[in-house]
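Q: sequence isn't available, so here's the structure alone:
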Ligand code: WQD
């Protein structure tokens, strides 16, 4: 199958493209390469395109026709929570505009199947285990753009006979292959490693939450599992009868910030102890995925745990 992967040179996208190629499919990358790494997708057909720019729909439709695209995995998006608070209009323009171009190009080329990258951020301050029918009340513009994207994709799917599945990612970490490790320092694991590499103490943002050890709890899912889930969902789309489906992608198991920090420190020698800093505004105490729906529907479950995630990160660092 010839699959368009927008944002394919990114940390998650590159894992998806590699799995596609390894099983004999063709990954056609469209990316603005602003934050991705082109080398991650060497040897794959790639087209530099900013999907939020005027004229993107025509350019994308041309790529889809020329490349014989049969399905789309749309990952390209701005995803920094703090940046979205400072630049809400830009975030809605970027993320909403890119998805609009993708949907318009799909309609123009007769491509019916779409996997849309959504996020646990749509749940906002949900505390505890969240299922797909839990309240979706995003607390930042980034999460709003993801929820609005789900609504838009669902509306177009219903009106135009598309088959769309939105995947709500929980906390993605790890490295499926050492050369595809996350190079951005925007989330807990890379941020802790960056502090330790600089010879500084890792920081724990708040240890007075109503959790077992007082630090926040999250559902850390291996990026290799996340990529695998995209292929399982992609393969199920032709059998999907409803226009739009939503799945949580996580492990169903919560790990605390303290557990992650200590797991990293235990893999190092003489790593300085963590220091506790004030809570980070907007952090819910605990957000863990109910993962029963995708397991029931598709038989998919994450295969890796937190130790596997941290082992893969250190294997990549050893390269
Ligand atoms: C996790 C926990 C921090 C760094 C974000 C996005 C979400 C999704 C996943 C894309 C929090 C704490 C962090 C540090 C710390 N991304 N922390 N010290 O906020 O759960 O979710 O990434 O879809 O949309 O919002 O992830 O990694 O930023 O933080 O204590 O140096 O680690 O306070 O409790 P988050 P995160």
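A: In hand now; what should we look at? Keep in mind it's a predicted model, so treat the numbers as computed, not measured. Numbers count the residues shown, from 1 in each chain.

Q: residues in the stretch 51-200 of the chain within reach of the ligand, list them.
A: Proximity of the stretch 51-200 of the chain to the ligand, by Cβ under 6 Å from any ligand atom, involves residues 79, 81, 119-121, 169, 171, 187-188, 191-192. (C-beta placed from N, C-alpha, C; glycine too.)

Q: for these, give me CSV that also has secondary structure.
A: Formatted as CSV, these follow (DSSP: H, G, I helix; E, B strand; the rest coil):
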residue, secondary structure
79, coil
81, helix
119, strand
120, helix
121, helix
169, strand
171, strand
187, coil
188, helix
191, helix
192, helix
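
Q: need the worst-confidence member of the residues you listed.
A: Within the set of those, pLDDT is lowest for residue 81 (91).

Q: all helices for this structure, in order.
A: 11-22, 56-67, 81-86, 88-91, 97-109, 141-160, 188-197, 223-236, 257-265, 292-298, 306-317 (DSSP state H).

Q: looking at the ones you listed, which has the lowest confidence?
A: helix 81-86 (a mean of 92).

Q: give me the buried positions along that one.
A: 81, 83-84 (16 or more other Cβ atoms under 10 Å).

Q: which one among those gets closest to residue 112?
A: Nearest to residue 112 out of the buried residues of helix 81-86 is residue 84 (Cβ to Cβ; 30.5 Å).

Q: gap between residue 221 and the ligand?
A: To the ligand, residue 221 is 10 Å away according to Cβ to the nearest ligand atom, to the nearest Å.

Q: number of residues surrounding residue 116?
A: Per other Cβ atoms under 10 Å, the neighbour tally for residue 116 reads 27.

Q: which residues touch the closest residue to it other than its chain neighbours?
A: Among residues not flanking residue 116 along the chain, residue 166 sits closest, at 4.5 Å (Cβ to Cβ, 6 or more residues apart in numbering). Applying Cβ atoms under 8 Å, 6 or more residues apart in numbering to residue 166 gives the contacts 116, 118, 149-150, 153-154, 244-247.

Q: who wins for most neighbours among the residues you listed?
A: residue 116 leads the contacts of residue 166 on contacts (other Cβ under 10 Å) with 27 neighbours.

Q: what's the distance between that residue and the ligand?
A: Taking Cβ to the nearest ligand atom, one finds residue 116 at 12 Å from the ligand.

Q: bridging residues for that residue?
A: residue 74, residue 166 (DSSP bridges).

Q: so what's it up against?
A: By Cβ under 8 Å, 6+ apart, the residues touching residue 116 are 74, 99, 149-150, 153, 164-167.

Q: redo that, cut-off 10 Å
A: Contacts for residue 116 (Cβ atoms under 10 Å, 6 or more residues apart in numbering) come out as 72-75, 77, 99, 102-103, 146, 149-150, 152-154, 157, 164-168, 233, 244, 246.

Q: check residue 150 too.
A: 99, 116, 118-119, 122, 136, 164, 166, 168, 244, 246.

Q: now with 8 Å?
A: 116, 118, 122, 166, 244, 246.

Q: same list (those) but as JSON lines, adding pLDDT.
A: Converted to JSON lines, the contacts of residue 150 look like this (pLDDT from 0 to 100):
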{"residue": "116", "pLDDT": "98"}
{"residue": "118", "pLDDT": "98"}
{"residue": "122", "pLDDT": "97"}
{"residue": "166", "pLDDT": "99"}
{"residue": "244", "pLDDT": "98"}
{"residue": "246", "pLDDT": "98"}
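
Q: and the two most separated of those?
A: Between any two of the contacts of residue 150 (Cβ to Cβ), the greatest distance is 13.8 Å, for 122 and 244.

Q: contact partners for residue 196?
A: Counted by Cβ under 8 Å, 6+ apart, residue 196 has contacts 202, 264-265, 268, 271-272.

Q: buried subset of these?
A: 202, 264-265, 271.

Q: and of the helices of the chain, who's closest to residue 36?
A: Comparing those by Cβ to Cβ, helix 11-22 comes nearest, at 6.9 Å.

Q: ok, the buried residues of helix 81-86 vs residue 33, which is closest?
A: The closest of these, once distances to residue 33 are taken by Cβ to Cβ, is residue 83, at 18.4 Å.

Q: with adjacent residues omitted, what lies nearest to that closest one?
A: residue 91 (7.4 Å).

Q: swap in residue 147?
A: Residue 147's closest residue in space is residue 122 (Cβ to Cβ, 6+ apart), at 4.4 Å.

Q: just send the buried ones among the contacts of residue 196 back as CSV, with distance to the ligand too.
A: Formatted as CSV, the buried ones among the contacts of residue 196 follow (distance: Cβ to the nearest ligand atom, whole Å):
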residue, distance to the ligand
202, 6
264, 11
265, 13
271, 14
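
Q: and residue 276, how many neighbours?
A: Neighbour number of residue 276 under other Cβ under 10 Å is 15.

Q: number the residues from 5 up from this point.
A: Will do, 5 is the new start, and the previous item becomes residue 280.

Q: tell me, what residue is most central in the protein?
A: Taking Cα atoms, centre = their mean, the centroid of the chain lies closest to residue 173, which sits 5.1 Å from it.
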